[in-house]
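A.B. asks: build me a model from this:
(chains A and B)
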Amino acid sequence: MDDKYYLEFEKPIVELDRKIREMKELAPGDVGWLRDEIAELEERRDKLQSDVYSGLTRWQRVQLARHPLRPYTLDYIPIIFTDFIELHGDRLFADDKALVGGFARLDGDPVMVVGQQKGRDVKQRQYRNFGMCHPEGYRKALRLFKLAEKYELPIIIFVDTPGAYPGIGAEERGQAEAIARNIREMSVLEVPILIAIIGEGASGGALGIGIGDTILMMENSWYSVISPEGCAAILWKEVEDPKQAEANRIQAADALKVTAEDLVNLNIIDGVIPEPLGGAHRDPARAAEYLKKSLLDHLKILMNKDKQTLLLERLRKYRAMGVFMET
Amino acid sequence: MVDWFNRARKGTPSAEKRDIPDGVWTKCQSCNEILTVMSLDKNFWVCPKCEFHFRIPAVSYISLLIDPDTFEEFDADLVSMDPLEFKDLKKYPERIASARKKTGRNDAVICGMGKIEGIEISFCVMDFEFIGGSMGSVVGEKVARAIERSISKGVPLVIVSCSGGARMMEGILSLMQMAKTSTLLAMLNKLKIPFISILTNPTTAGVMASYASLGDVIIAEPKALLGFAGPRVIAQTIGGELPPGFQSSEFFREHGFLDKIVSRPQLKKTTTQLLQYMWHQNINQT
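C.D. replies: This is a model prediction of the structure:
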């Protein structure tokens, strides 16, 4: 793992990793004179790793979901799919770089894959607008969904956004309308839709490409009506003390119940995709492998349903969401 | 408009007190013109000088739009629960309790059936006084049922929105109400049953990004705040000032996301005329 980027709670693990690597460089091969020391350190690291990651708080998971090394849509696509042909533009205004999509093959079978895309370095982050779509992103997605419907391809969607972009241009071009239309249109698309939240699922920005038959979340992703810091800002206004601000975010994440496990308990999502210990960024190849397996398993179920069943079940799924009482 | 606030007076005395100034004289909140309460009341709480629309209680839109004695409320007994056991400064059930006390209603939307110039419709009006008109499970369910009544009875749908968006205290469940209502609107759309969305000040975020934006025709009162993101969030993100008139009804129409801006005194007439066009095959001309 690249040790330039790490979260506060990852620090001791990253430091042990570094020590192990240095010792291995000093004594390459299995028979090196530091063999016992390395083995001991590795054992310590593994223990520490399982201790840290088995007791993650919700806020820590949010941070993992935003980890600068976490795999993004375009990292997964070449590992999971073959023959990806990216398609650009909404045919109305522009090509939104925060949303990518196109034809691809999943184990040889043709699909449409669409996902939000973040950038890795400063330049890329700006280019991808930090994974925050403008209306043209949602409209490009809808164009691709309709294309998939026309040629009877199942749709696979990767959600990873800190939110729909709140900007002047976005409002001028109808951010709300674009999201509303997508929600309505996706609910009646006559092909299977399989959704995986791979990182951040922030509110309407996520829901705008998030209506489908099966909704899955990766183990360290989050999905909520508002981000924990957005919630904290509303509830506690501005806080000077950074420690207090952090405590508020922790409390907000807990109050909002944003993790995959929470959303299973609230009957909102259909499954959790496991990640390698420590998060997808610790072993992207394995994370992709788990994701692919999950996609294949769930897609198989969806492909066996006829159109009517699929649409009826999708409608019923959303119709049933909500908790209230009739007095 | 003699009985303008009769319903409000009976049902929600406290709401009236807060929204509508006491006494004989009052000042326009926008242009500072001194006005008599009686003249304002006669003018549907629209300032005669600058057209500023005072916020009126949700229930007033029933008497404004629906023919007298034709409104029948449905689902008034739906009550929020606390699925997240949400607690910030106050517990969510306490917030609900105080909103119920304040408004005399169980949640942030009133739904029912009524007639508008003799045309039967399914009708919803959101109540900003109830936790900012926010949409949680109850609002979502009530709007969903109103759409279903439109479908099962084969009558047009009219929704008057007034909301800051999804209700934070029900977390992801609130977000999913956008999906619940919009999927049913897809059905309504397929069945070619008219839906008129009326936007009042403010209609933003989760409500704007779901049913409020999905009307066959969308109309708004003048100078309402409309949009996806809140103006403060946008100003923060872009790190600058927002242009004047940004996210107003006028801005929305200018950019192509609103059919008409309709002043409150004209709201019933315009809505009726629109329905008479879209629903002409089903209206018995008598």
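
A.B. asks: quick one: stretch B:200-216 near chain A?
C.D. replies: Yes. Using CB under 8 Å from any CB of the partner chain, stretch B:200-216 reaches chain A at B:T204, B:A205, B:G206, B:M208, B:A209, B:S210, B:Y211, B:A212, B:S213, B:L214. Just so you know, the C-beta spots here come from the backbone N, C-alpha and C atoms, and that holds for glycine as well.

A.B. asks: with neighbour count, distance to A:R128 and secondary structure added, can I get those in TSV?
C.D. replies: Shown next, in TSV, are the residues of stretch B:200-216 next to chain A (neighbours: other CB atoms under 10 Å in any protein chain shown; distance: CB to CB, whole Å; DSSP: H, G, I helix; E, B strand; the rest coil):
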residue	neighbour count	distance to A:R128	secondary structure
B:T204	27	26	strand
B:A205	26	24	helix
B:G206	31	25	helix
B:M208	33	25	helix
B:A209	34	22	coil
B:S210	31	26	coil
B:Y211	32	31	helix
B:A212	28	29	helix
B:S213	28	26	helix
B:L214	22	29	coil
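
A.B. asks: helix, strand or coil for A:Y6?
C.D. replies: Under DSSP: H, G, I helix; E, B strand; the rest coil, the three-state class of A:Y6 is coil.

A.B. asks: now the stretch 151-300 of chain A against chain B: closest residue?
C.D. replies: Going by CB to the nearest CB, chain B is nearest to A:P166 of the stretch 151-300 of chain A, at 3.3 Å.

A.B. asks: helix, strand or coil for the nearest residue in space to that residue that is not next to it in sequence?
C.D. replies: The shortest distance from A:P166 to any non-neighbouring residue, by CB to CB, 6 or more residues apart in numbering or on different chains, is to B:A229 (3.3 Å). Look at B:A229: counting by three-state DSSP, its state is coil.

A.B. asks: per-domain residue ranges of the chain.
C.D. replies: Let's take chain A. A:3-55, A:62-319 (automatic domain parsing).

A.B. asks: sorry, should have said chain B
C.D. replies: Split by automatic domain parsing, chain B gives B:1-54, B:56-285.

A.B. asks: what mean pLDDT does the last one have?
C.D. replies: Right, domain B:56-285. In this model, domain B:56-285 has a mean pLDDT of 96.

A.B. asks: quick one: residues contacting residue 263.
C.D. replies: Answering for chain A, as no chain was given. A:M217, A:Y223, A:K257, A:I269, B:I172 (CB atoms under 8 Å, 6 or more residues apart in numbering or on different chains).

A.B. asks: I was thinking of chain B, sorry if that wasn't clear
C.D. replies: B:V46, B:E51, B:H53, B:E221, B:P222.

A.B. asks: take the residues you listed and keep only those in strands.
C.D. replies: For those, not one is inside strands, with DSSP state E as the criterion.

A.B. asks: wait, which of these is closest to A:L277?
C.D. replies: B:E221 (55.8 Å; CB to CB).

A.B. asks: just list the residues touching that closest one, thanks.
C.D. replies: B:H53, B:I198, B:L199, B:T200, B:N201, B:S249, B:I261, B:V262, B:S263, B:R264, B:L267.

A.B. asks: quick revisit: state the phi and psi torsions of the residue of the stretch 151-300 of chain A closest to chain B.
C.D. replies: Backbone torsions of A:P166, given as degrees, to the nearest 10, read phi -90, psi 90.

A.B. asks: cool, and B:S122?
C.D. replies: Dihedral angles (degrees, to the nearest 10) for B:S122: phi -90, psi 130.

A.B. asks: that one contacts B:R145, correct?
C.D. replies: No. Here B:S122 does not reach B:R145: they are 9.0 Å apart, not a contact under CB atoms under 8 Å.

A.B. asks: B:K87 versus B:T200, what's the distance?
C.D. replies: Separation of B:T200 from B:K87 (CB to CB, to the nearest Å): 31 Å.

A.B. asks: neighbour-wise, which of the two wins?
C.D. replies: B:T200 (26 against 15; other CB atoms under 10 Å in any protein chain shown).

A.B. asks: what about the nearest residue to the more buried one once chain neighbours are set aside, which helix or strand?
C.D. replies: Distances taken as CB to CB, 6+ apart place B:C162 nearest to B:T200, at 4.6 Å, with adjacent residues excluded. Using DSSP states H and E, B:C162 maps to strand B:157-163.

A.B. asks: which residues in the chain form strands?
C.D. replies: Picking chain A for this. Using DSSP E, strands in chain A cover A:82-86, A:99-106, A:109-116, A:155-161, A:193-202, A:214-218, A:222-224, A:271-273, A:324-326.

A.B. asks: switch to chain B, please.
C.D. replies: B:25-27, B:34-36, B:72-74, B:78-80, B:109-116, B:119-126, B:157-163, B:195-204, B:217-220, B:226-227, B:260-261.

A.B. asks: residues in contact with the spatially most central residue of chain B?
C.D. replies: Against the mean C-alpha coordinate of chain B, by CA atoms, centre = their mean, the closest residue is B:S161 at 2.5 Å. Counting by CB under 8 Å, 6+ apart, B:S161 makes contact with B:M126, B:G133, B:S197, B:I198, B:L199, B:T200, B:T203, B:V207, B:M208, B:Y211, B:A212.

A.B. asks: picking up where we left off before, from the strands of chain A, which stretch is densest packed?
C.D. replies: Comparing those by mean neighbour count (mean count of other CB atoms under 10 Å in any protein chain shown), strand A:222-224 ranks first with a mean of 29.

A.B. asks: is that one positioned near chain B?
C.D. replies: Yes. Strand A:222-224 comes into contact with chain B (CB under 8 Å from any CB), by way of A:Y223, A:S224.
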